[in-house]
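Asks: Quick one, structure for this:
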Amino acid sequence: MRPIALFLIPILTACLQQGSYSGTIIDGLTGNPRADLVVVASSDGATDMTCKVKEGTTDATGTFTISQLCGDTSYTLKVKDETLLVEGSLTTPGAEAVTGQILKTWRAPSGDGIQILSNDGLTPMRTFTDVKYETKIDDPTMKVAYPYVKPTGKVPTVNPGDYFIISGKGNLERLSWRPLISDPEKRTFVDGSITDHMWVGTRFISDTQWEPVTVQVDVSKVKVVKAEDREVHYIAHDALPEGRYALFGDKDNRMFIVDFGKSFAPAKEEAAAE
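Replies: Modelled structure (predicted):
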């Protein structure tokens, strides 16, 4: 019996050295508390199976407590919601009573992606159409890009209070915002003519004169979040001037199309969509 008693002593000692972790979880964009979130504290190093996983749930004020953390190990915290990115300290020693922690959470894609955040809900963005290029017949050095399918109706819109989300290093490095310029006139190109279309970053003054149109994102209205080894950009509705935009990379074959600030669909199209 003595070997068994000696084996139990260190385990019982570790369990007597219990700690806890309490904190408050808030929405990083609004500062509002997040209620009814399950927070899991897990340990890979615990020798006692009862020490492996502990849980707590946030109340109406966003506050939670995880008790009976074992003193012989450390814990990693995780929120049970794959669409929430957590910013803050996510490790804690089991032997200490840690209090007053503030964890900011950001609604975001679970991986790399492009979405619109509205009322704390995510809507995935899908590419709208192919990127096409034409060369001007009177100036072979001038190429103009345009959407293969003209967006004549309602497209995804970043309304006041919404955010356009870009997640993932590849997306952030590759994609560029480009104004879409409506043009009702006929334009001639090497491969033929196009009438009443939209051009990417080009405004035609006449069929033989044009000017580039660019846009700058107001970086003061972009929230950059780096957490859990990820980077996510939250672009506010007024980070770009009101307008319709194409989003794609120089070597991309497809483009996203999105309205910023309000919908730019014709009134009849907007009414039909609603």
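
Asks: three-state assignment of Gly170?
Replies: helix (DSSP: H, G, I helix; E, B strand; the rest coil).

Asks: what residues are up against it?
Replies: Each residue near Gly170 by CB atoms under 8 Å, 6 or more residues apart in numbering is listed here: Asp112. Every residue, glycine included, has its C-beta placed from N, CA and C.

Asks: quick one: it from Gly28, how far?
Replies: Counting by CB to CB, to the nearest Å, the gap from Gly170 to Gly28 is 23 Å.

Asks: Local confidence estimate at Arg2?
Replies: At Arg2, the model reports a pLDDT of 50.

Asks: Same check on the one 5 residues further on?
Replies: Reported pLDDT at Phe7 in the predicted model: 45.

Asks: Could you number the chain from 43 rather than 1 from now on?
Replies: Sure, I'll start counting at 43 from here, so that last one is Phe49.

Asks: Look up which residues are beta-bridged to His239.
Replies: Asp225 (DSSP bridges).

Asks: Would you check that it makes contact with Ile223?
Replies: No: using CB atoms under 8 Å, His239 is not in contact with Ile223, being 9.7 Å away.

Asks: How confident is the prediction for Pro308, by pLDDT?
Replies: 82.

Asks: Contact partners for it?
Replies: Thr194, Gly195.

Asks: ok, now Asn161?
Replies: Taking CB under 8 Å, 6+ apart as the test, what Asn161 contacts is Gly203.

Asks: okay, the most centrally placed residue in the chain: pLDDT?
Replies: Residue closest to the average C-alpha location in the chain (CA atoms, centre = their mean): Ile207, at 3.5 Å. Predicted confidence (pLDDT) for Ile207: 98.

Asks: Asp114 now?
Replies: 85.

Asks: Within the helices and strands, which one has it?
Replies: Assigned by DSSP states H and E, Asp114 falls within no helix or strand.

Asks: Give me the neighbour count for it.
Replies: Other residues lying near Asp114 total 18 when counted by other CB atoms under 10 Å.

Asks: wait, it sits on Ser85?
Replies: No: the criterion here is CB under 8 Å, and Asp114 misses it with Ser85 at 9.3 Å.

Asks: Can you pull the residues that touch both of the two?
Replies: By CB under 8 Å, 6+ apart, the residues touching both Asp114 and Ser85 are Cys93, Gly136.

Asks: what about stretch 196-215, start to end distance?
Replies: With CA to CA, to the nearest Å as the measure, the ends of stretch 196-215 fall 28 Å from one another.

Asks: how far is it from where the chain is centred?
Replies: When distances are taken as CA atoms, centre = their mean, to the nearest Å, stretch 196-215 is centred 7 Å away from the chain's centroid.

Asks: in it, what counts as buried?
Replies: Using 16 or more other CB atoms under 10 Å as the test for burial, stretch 196-215 gives 196-200, 204-210, 213.
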